[in-house]
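> the sequence and its predicted three-dimensional model are supplied below.
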Amino acid sequence: MRILVISDLHANLTALDAVIADAGAFDAVWCLGDLVGYGPDPNEVVARVRAFPNLVCLLGNHDAAALKVIDADTFNHEARLAIYWTQQSLTDGSVFFLQSLPERQVINGVTLVHGSPRQPVWEYLLDTRTATLNFSHFDTPYCFVGHTHLPVEYYLPDEAQIARLVVPETPLELTMAPRAIFNPGSVGQPRDRDPRASYAIYNPDHNTWEYRRVAYDIPAVQARMKTAKLPERHSQRLSSGW
Ligand code: ZN
């Protein structure tokens, strides 16, 4: 069984389609939130995601802001402009789908959240100290998170007090060992200085996690962002992956 694990799509349809084309056959999709925000294709991305087979999809902070569940004032100026644009652009059908998304889901022994098991929508797992504290907030062998846009693994062996951080060179296939927190990176706005779309394939039968990257047509997305008058900085950052 191959499960496509994606996060932080950020309304970037070109990146999502490149991932779908690159992933090969998959049996299920686990999407860790932030379908919208920043990018020019919120409805198209929602439509692609809804159509996936055996989908489990989580709510991200940008999704919540687009739904006005959380206040856009909590975002920086440019992110807020993108949220307002997204609010104007979403169809009723897209809003209905986003409203249906849970903040936390446990499936087949894996806890899924957008940010962290402690604060599912908001907390960033950016360091081993924060990650260590979060291991007591889920009881499954594995937890999959997104939100930081950085592909990493935090690993807490039984004897260890502090979680260890693994930053993968991609492509990389790991044999998984409990307990661990995995982040597939971001499809639509990578921030590890590699502009290629980032995602993972989880195979629960073989107990493997595969970090993967795929290049996509960034100028095409930037052209749509320009037409939509989305903030220039969000467009530029796609080129350098930050
Ligand atoms: Zn995000």
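Looks like it came in fine. Numbers count the residues shown, from 1 in each chain.

> state the distance from the residue of the chain most remote from its centre to the ion.
Distance from the C-alpha centroid of the chain peaks at residue 159, with 30.2 Å (CA atoms, centre = their mean). From residue 159 across to the ion, the span is 34 Å (CB to the ion, to the nearest Å). Just so you know, the C-beta spots here come from the backbone N, C-alpha and C atoms, and that holds for glycine as well.

> residue numbers of this protein in contact with the ion?
8, 34 (CB under 5 Å from the ion).

> what score does the residue farthest from the centre of the chain have for pLDDT?
For residue 159, the pLDDT comes out at 75.

> what of residue 84?
95.

> wasn't it part of a strand?
No - under DSSP: H, G, I helix; E, B strand; the rest coil, residue 84 sits outside any strand and is assigned helix.

> what's the closest non-adjacent residue to it?
Excluding the flanking residues, the one nearest residue 84 by CB to CB, 6 or more residues apart in numbering is residue 72, at 6.6 Å.

> same thing with residue 59?
residue 101 (3.9 Å).

> the one you found: what's it in contact with?
Counting by CB atoms under 8 Å, 6 or more residues apart in numbering, residue 101 makes contact with 33, 57, 58, 59, 63.

> next one: residue 172
210, 211 are the contacts of residue 172 under CB under 8 Å, 6+ apart.

> run through the bridge partners of it.
residue 211 (DSSP bridges).

> distance of it relative to residue 25?
Counting by CB to CB, to the nearest Å, the gap from residue 172 to residue 25 is 21 Å.

> by neighbours, which of the contacts of residue 101 wins?
When neighbours are counted by other CB atoms under 10 Å, residue 33 leads the contacts of residue 101 with 30 neighbours.

> that residue reaches residue 147, doesn't it?
Yes - taking contacts as CB atoms under 8 Å, residue 33 lies within contact range of residue 147: 7.4 Å.

> quickly list what's touching both of the two.
With CB under 8 Å, 6+ apart as the test, residue 33 and residue 147 both reach 7, 8, 60, 61, 114.

> so for stretch 24-39, what gets flagged as buried?
26, 28-39 (16 or more other CB atoms under 10 Å).

> buried ones in stretch 173-181?
174, 176, 179, 180, 181.

> among those residues, which one lies nearest to residue 210?
residue 174 (7.6 Å; CB to CB).

> and whichever strand or helix holds residue 239, average pLDDT?
Residue 239 is part of helix 232-240, with elements assigned from DSSP states H and E. For helix 232-240, the mean per-residue pLDDT is 96.

> for it, packing partners?
Contact analysis of helix 232-240 by 3 or more CB pairs under 8 Å, 6 or more residues apart in numbering; DSSP states H and E lists helix 77-89, helix 218-227 as its packing neighbours.

> so which of those gets nearest residue 50?
If we rank these by CB to CB, the stretch that ends up nearest is helix 77-89, at 16.6 Å.

> grab the nearest non-local neighbour of residue 75.
residue 83 (6.0 Å).

> distance check, that neighbour against the ion.
12 Å.

> gap between the residue nearest to residue 59 and the ion?
14 Å.

> can you list the low-confidence ranges for the chain?
For the chain, no stretch has pLDDT under 70.
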